[in-house]
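Undergrad: return atomic coordinates for the entry below.
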Amino acid sequence: MDFNEFAAYAYFFLVVFLVVVTYAYVYHLYTKKKDATGVDYEHYSNMALKDDIGDAPVKPVSRDKEK
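TA: You can find the predicted model right below:
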């Protein structure tokens, strides 16, 4: 096995490894939507698109005092 054949195999396995890691990361992002405190940040994804003054807030503000 010369160097060019070794480099071709290494490139192939590196690409396969990176594809598997990328799909695993995307799967992790879509299955675990809440962080450690239980807050779901999925609804914040449209904040950049819905930023007009008349749009509804992303998270409603409560007038009650927190205890």
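Undergrad: where does this protein have low pLDDT?
TA: 33-36, 39-40, 65-67 (pLDDT under 70).
Undergrad: what ranges do the strands span in it?
TA: For the chain, no strands are identified by DSSP state E.
Undergrad: can you give me the helices for it?
TA: Using DSSP state H, the helices found in the chain span residues 3-31.
Undergrad: check contacts around A48.
TA: Under the criterion of CB atoms under 8 Å, 6 or more residues apart in numbering, A48 has no neighbours. For the C-beta atoms, the positions are set from N, CA and C on the backbone; glycine is no exception.
Undergrad: how much space between it and D55?
TA: Using CB to CB, to the nearest Å, we find A48 at a distance of 11 Å from D55.
Undergrad: quick check, distance from stretch 19-35 to the centre of its chain.
TA: Relative to its chain's centre, stretch 19-35 lies at 7 Å (CA atoms, centre = their mean, to the nearest Å).
Undergrad: list every C-alpha atom in that stretch, with coordinates, as PDB.
TA: Extracted in PDB, the C-alpha atoms of stretch 19-35 (Å, rounded to 0.1, in the frame of the first residue of the first chain):
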ATOM      1  CA  VAL A  19     -21.100  12.700   8.300                       C
ATOM      2  CA  VAL A  20     -22.000  10.400  11.200                       C
ATOM      3  CA  VAL A  21     -20.900  13.000  13.800                       C
ATOM      4  CA  THR A  22     -23.000  15.700  12.000                       C
ATOM      5  CA  TYR A  23     -26.100  13.600  11.900                       C
ATOM      6  CA  ALA A  24     -25.700  12.600  15.600                       C
ATOM      7  CA  TYR A  25     -25.400  16.300  16.500                       C
ATOM      8  CA  VAL A  26     -28.500  17.200  14.600                       C
ATOM      9  CA  TYR A  27     -30.400  14.300  16.200                       C
ATOM     10  CA  HIS A  28     -29.200  15.500  19.600                       C
ATOM     11  CA  LEU A  29     -30.400  19.100  18.900                       C
ATOM     12  CA  TYR A  30     -33.900  18.000  17.800                       C
ATOM     13  CA  THR A  31     -34.400  15.400  20.600                       C
ATOM     14  CA  LYS A  32     -33.200  17.500  23.500                       C
ATOM     15  CA  LYS A  33     -34.900  20.900  23.100                       C
ATOM     16  CA  LYS A  34     -34.800  21.900  26.700                       C
ATOM     17  CA  ASP A  35     -31.700  22.800  28.600                       C
END
